[in-house]
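Visitor: kindly generate the corresponding structure for this input.
(chains A and B)
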2 protein chains.
Amino acid sequence: MPIQKPRTLSGFLELSPRKQVLFDAMVETLREVYALYGFYDLDTPLLEASEVLLAKGGGETEKQIYRFQKGDSDLSLRFDLTVPLAKYVALRQNELAFPFRRCQIGKVYRGERAQRGRFREFYQADIDVIGDGKLDILNDAEMPAIIDAAFTRLGLTRFVIRVNNRKLLNGFYAMLGLTDKSGDIMRVVDKLEKIGREKVALTLTEDLGLSPAATEEILSFLSIQGSNGDVLAALEGYRGKNETFDLGLDELAAVCRHLAAFGVPEEHFQVDLTIARGLDYYTGTVYETRLLDYPEIGSPCSGGRYDNLAEYYTEKQLPGVGISIGLTRLFYVLDEQGLLNEDRLTAPAEVLILPMTGDQAPAVALATALRETGVRTQIYFEEKKFKQKMAYADKLGVPFAAILGEDEIAQGKVALKDMTTGEQTLLTAQEAAQAVHAALADVRRAAPIRERRPD
Amino acid sequence: MPIQKPRTLSGFLELSPRKQVLFDAMVETLREVYALYGFYDLDTPLLEASEVLLAKGGGETEKQIYRFQKGDSDLSLRFDLTVPLAKYVALRQNELAFPFRRCQIGKVYRGERAQRGRFREFYQADIDVIGDGKLDILNDAEMPAIIDAAFTRLGLTRFVIRVNNRKLLNGFYAMLGLTDKSGDIMRVVDKLEKIGREKVALTLTEDLGLSPAATEEILSFLSIQGSNGDVLAALEGYRGKNETFDLGLDELAAVCRHLAAFGVPEEHFQVDLTIARGLDYYTGTVYETRLLDYPEIGSPCSGGRYDNLAEYYTEKQLPGVGISIGLTRLFYVLDEQGLLNEDRLTAPAEVLILPMTGDQAPAVALATALRETGVRTQIYFEEKKFKQKMAYADKLGVPFAAILGEDEIAQGKVALKDMTTGEQTLLTAQEAAQAVHAALADVRRAAPIRERRPD
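Guide: Purely as a prediction, here's the structure:
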């Protein structure tokens, strides 16, 4: 038979079994946190009719879509979880209770140019709250509070959620008479961190034709910095000149006030006037996130408020606010930086039973007893020498081996070997279960990520 | 803006939020059971290079593949989880520890003709154990034991796992001098239940050209029935005539013996000589499953032993045994039959906090206290009348509403309303958490499926 060289597509992350355990631990942690806040966990198809998925049309994304014909159908793989959500809500608008809160953790597809750390298939972990006609600003404050809880549970501490408001920006540009150009200006300003202040100034005057005075005003506005209180106070200086600005400032102040009430520590969120999110989609609050020690990751978690989720599918006004974690890229970078928690158990089982006699019944009975208490247990069924059995246990990295020889069976006990210390203890099945639970309590609770503290 | 009518592709199951909760409960249950037996939980890409995925080529399946071109790449969506596993194991053959035990629960794609209850996107929930060169027969006995545990935990009791052995069948047909035709014969016999004994006899003689005597022998062999002990005893009558048969009989007897040792009740497994699985792929033990009250579902869970998992990708001999649950179809039929457990909580939260004053701080503090004990809690942030807030709580189906009015806040308490009984109690946050945990203990443990007992 001819051999086909096996390979995985470039841009598609396929993890080793151990790395997969750590990735799953991150997914599981996010699901747990999202669940605590009361969200429906949805699972929509990966394929949609192209005319539905691409109803909005145009834009950067369309070139990247995996789109194809199957029979008479023009199909596309989803490129985010927001458009499928819009479709879902439009389809079920009469049956859903609003505010409709949904989380979804799933794969999306973008045929980007392959490069290191960029993926064509990747997970997004989204939460959104959709209102019917109206949606309270408190939802805008709860989103980053959930992200703060999620990141903290993942094991991250050195991060900041940056918050801004598009109304504030739009109002500010309107004050300068630059409303037509505000979209273009925000796209330039968005690059402030990447290209620096001078290049931004140059682009604003030369490419967008702004006056030096306007450019100066913009740069001075963007340089408002300090504690959240300081920034909000400085922004009060602009109040009264533009209604949209004032509304945006009220919203931003409300979000900050409630973020504190939600228990988010001050060092985890920051008003940052430079962020706008490239998308025209957002209409109020916007979020970006930064890992302080790894700014090169970009924003592992972003989102914001939008006025109308499903305008392409329904006349119903559905304002919402949402946030999305780019999980695959985040995992990839954390792994590269050596920040995955090596203390977490990555073996497929907690106990590997090694039967040393031909009779498998005692092994099966022991496995059943351990599993009944919740211990993940594998039996090694193969006929091999003791040394090979132990080598297998080592290779899996199981924390315990349970050796069942004639002596142990005769005594109704098992020799439980701690694979880390090498210590071996003769125990009953119940004692063994207790010992395993006691030894692994911390390991099972360990966060998936372990930051290195800066010196 | 023109409105695009939203729709979901036909053959793609998109569940209501509540149904999704029940589906997820099934997935979660399977993951828990699989984990207790020690498997790596893998997650491979949904897209593969066509030349890799279709290396085996030909066959029924190929027409159904979602295959397309993107740039220079010829891509296909996976149609099962076994071929990606073969690729995975071949790629990592030098790094994996064998036996390599993996489970995977994921979506697969087949462009079948759309019909009720048939899906183009559906979940498979697979477990496989792959050996290096050899794999003990005990693994063949453990597979149905795991399925028995999984089905039981799901809430099913009236099912039977049917077991047979291809060597036994091949050996039997060799005794009759029908080795060349054994594949064809098995495909006909596989339909015994559907088309009946007479039609099978007719097809064997007329279409396959078997002699009436051979046909009679086959039908007489297939009619061996009774308890597993009876069937095995009857099969002993054929021993000594063909080595392959004898080997198959030894394997089948070993599987039955160990299944009992694994604690699988006798009524949950049955030697059935009529099953062969249509695929040439299987070489030893084969499994099918039947829900006794719903035979029309077909086999919701099937699998078997194969000699060589990855022969298209590597020269290494990788025998394995595996079993796969067709989860989407199973869920769909259970739902149609009204067998999903309505006792299970399908609300997105266990407690909905209804703030009755303008100050949200007490609501946030209560939510935090409840979440810290693991209660899934949502705060209703919208400014609405009390009646509308309660209507929302009703529509979500939350078991508890926590009402925070001025009086409650002044006393540092909350009015916890049991939405089923209507009873309302004034409690501290800690007392409320305890009350919720106590009230929901059973509901949280409820199996996802509830069978109706036959009268």
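
Visitor: tell me which element the single nearest residue of the stretch 51-200 of chain A relative to chain B is part of?
Guide: Going by Cβ to the nearest Cβ, chain B is nearest to A:Phe68 of the stretch 51-200 of chain A, at 3.3 Å. (Each C-beta comes from the backbone N, C-alpha and C, glycine too.) Secondary structure assigned from DSSP states H and E places A:Phe68 in strand A:67-70.

Visitor: show me what counts as buried in that strand.
Guide: Within strand A:67-70, the residues that qualify as buried are A:67-68, A:70, counting by 16 or more other Cβ atoms under 10 Å in any protein chain shown.

Visitor: who's in contact with the residue of the stretch 51-200 of chain A closest to chain B?
Guide: Shown in contact with A:Phe68 (Cβ atoms under 8 Å, 6 or more residues apart in numbering or on different chains): A:74-76, B:66, B:68-70.

Visitor: could you report the distance from it to A:Ala55?
Guide: Counting by Cβ to Cβ, to the nearest Å, the gap between A:Phe68 and A:Ala55 amounts to 18 Å.

Visitor: again with A:Ile218
Guide: Computed with Cβ to Cβ, the distance linking A:Ile218 and A:Ala55 is 35 Å.

Visitor: same thing with A:Lys417?
Guide: Distance, A:Lys417 to A:Ala55, by Cβ to Cβ: 61 Å.

Visitor: now A:Asp43
Guide: Here A:Asp43 is placed at a distance of 22 Å from A:Ala55 (Cβ to Cβ).

Visitor: so A:Ala393 is in contact with A:Ala401, correct?
Guide: Yes - applying Cβ atoms under 8 Å as the test, A:Ala393 and A:Ala401 come out as touching, 4.6 Å apart.

Visitor: so between the two, which is more surrounded?
Guide: The neighbour count for A:Ala393 versus A:Ala401, taken as other Cβ atoms under 10 Å in any protein chain shown, is higher for A:Ala393 (26 against 23).

Visitor: burial count for A:Arg187?
Guide: Look at A:Arg187: counted by other Cβ under 10 Å, it has 15 neighbours.

Visitor: quick check: residues of the stretch 51-200 of chain A near chain B?
Guide: Taking Cβ under 8 Å from any Cβ of the partner chain as the criterion, the neighbours of chain B within the stretch 51-200 of chain A are A:51-52, A:55, A:66, A:68-71, A:73, A:75, A:86-88, A:90-92, A:95-97, A:99, A:101-102, A:107, A:109, A:111, A:121, A:131, A:134-136, A:138-139, A:142.

Visitor: no, scratch that, I was asking about the stretch 301-450 of chain A
Guide: Taking Cβ under 8 Å from any Cβ, the part of the stretch 301-450 of chain A that reaches chain B is made up of A:310-315, A:348-349, A:352, A:360-361, A:364, A:368, A:371, A:374-379, A:381-383, A:392, A:395-396.

Visitor: quick one: secondary structure of A:Met26?
Guide: Under DSSP: H, G, I helix; E, B strand; the rest coil, A:Met26 falls in the helix class.

Visitor: gap between it and B:Arg78?
Guide: Going from A:Met26 to B:Arg78 by Cβ to Cβ gives 23 Å.

Visitor: would you point out which residue is most central in chain A?
Guide: A:Ile325 (3.0 Å; Cα atoms, centre = their mean).

Visitor: partner residues bridging it?
Guide: Listed by DSSP bridges, the beta-bridge partners for A:Ile325 are A:Ala125, A:Cys301.

Visitor: re the thing from before, need the residues touching each of A:Ala393 and A:Ala401.
Guide: In terms of Cβ under 8 Å, 6+ apart, A:Ala393 and A:Ala401 are both contacted by the residues A:352, A:354, A:419.

Visitor: looking at these, which has the most residues close by?
Guide: A:Leu352 leads the shared contacts of A:Ala393 and A:Ala401 on contacts (other Cβ under 10 Å) with 26 neighbours.

Visitor: ok so it is a helix residue?
Guide: No - A:Leu352 is assigned strand when assessed by three-state DSSP, not a helix.

Visitor: surely it and A:Ala391 touch.
Guide: No - if you go by Cβ under 8 Å, A:Leu352 and A:Ala391 don't touch, sitting 11.5 Å apart.

Visitor: for the residue of the stretch 151-300 of chain A found nearest chain B, which residues are in contact?
Guide: Ranking the residues of the stretch 151-300 of chain A by distance to chain B (Cβ to the nearest Cβ) places A:Ala261 first, at 5.2 Å. Counting by Cβ under 8 Å, 6+ apart, A:Ala261 makes contact with A:141, B:360-361, B:364.

Visitor: what does the pLDDT read for it?
Guide: As predicted, A:Ala261 sits at a pLDDT of 87.

Visitor: do the same with A:Ile65
Guide: Here the pLDDT value assigned to A:Ile65 is 95.

Visitor: so what's it closest to, chain neighbours aside?
Guide: For A:Ile65, the nearest residue in space outside its immediate sequence neighbours is A:Ser76; the separation is 5.2 Å by Cβ to Cβ, 6 or more residues apart in numbering or on different chains.
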